[in-house]
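> Provided below for reference: sequence and predicted model.
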Amino acid sequence: MKINDYIIFEVDAVRFGLPSVMVDRVERAVMITPVPEAPDPVLGVVNDGGDIVPVLGLRSRLGTEERDVILSDRLIFSSVNGRRMALLADGICDVLEIKPDSVQNADEVWPGVSFLKSFAGLGADVVLVQDMGALLDPEQFLTLSNALAAMSEESPVNE
């Protein structure tokens, strides 16, 4: 894949892009185990070959309610700030090249939005380029780490 290739995915009919270099792999979604005291947007965790991987959702960032996982959902695995994470998507649409001249900084279009890196125009479509590192602020990241530690002491995660 090229450096300007992006995985295009949907959440509630909104198209997002994630740089392909940030994506480890995409898998069919499985049951997500809730994590007590986990910060928003953490939906829970999945067991990935013995590794406990937090799953993040974007619906709350869009102002809608999270929903249960369905068969067509996908998990996009990535590493963020030294921790493996997965992003829940309704589906994967495509892998596209997004040229730098078609991208506009998210803060210029939508001031104060922290979870997006930029907006990209692809013909009639607009793609919201996701910033995985900004989905959790440092305090939320610490809260997640503490919640995962407490959870691992209490009970195993479903396989």
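Happy to help now that I have it.
> contact partners for D48?
When contacts are counted by CB atoms under 8 Å, 6 or more residues apart in numbering, D48 is found next to 77, 84, 86. Every residue, glycine included, has its C-beta placed from N, CA and C.
> what about 6 Å?
D48 makes no contacts at all, as judged by CB atoms under 6 Å, 6 or more residues apart in numbering.
> for it, grab phi and psi.
Summarising the backbone geometry of D48 under the convention degrees, to the nearest 10, its torsions are phi -110, psi 90.
> how close does it get to R15?
The spacing between D48 and R15, counted by CB to CB, to the nearest Å, is 26 Å.
> wait, E27 sits on D73?
No - E27 is beyond contact range of D73, at 10.1 Å (criterion: CB atoms under 6 Å).
> this structure: strands as residue ranges?
5-11, 14-19, 23-28, 42-48, 51-56, 74-80, 83-89, 91-97, 103-105, 116-122, 125-130 (DSSP state E).
> export the ones you listed to CSV and tack on mean pLDDT?
What follows is these, written out as CSV (pLDDT from 0 to 100):
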stretch, mean pLDDT
strand 5-11, 89
strand 14-19, 86
strand 23-28, 95
strand 42-48, 95
strand 51-56, 94
strand 74-80, 94
strand 83-89, 94
strand 91-97, 90
strand 103-105, 66
strand 116-122, 56
strand 125-130, 70
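> which of E27 and D73 has more neighbours?
D73 (17 against 13; other CB atoms under 10 Å).
> now do the same for the more buried one: its pLDDT.
Looking at D73, its pLDDT is 97.
> could you measure the closest residue to it other than its chain neighbours against F77, distance?
Using CB to CB, 6 or more residues apart in numbering and skipping residues adjacent in sequence, the residue nearest D73 is A29, 3.7 Å away. Distance check for A29 against F77: by CB to CB, it reads 11 Å.
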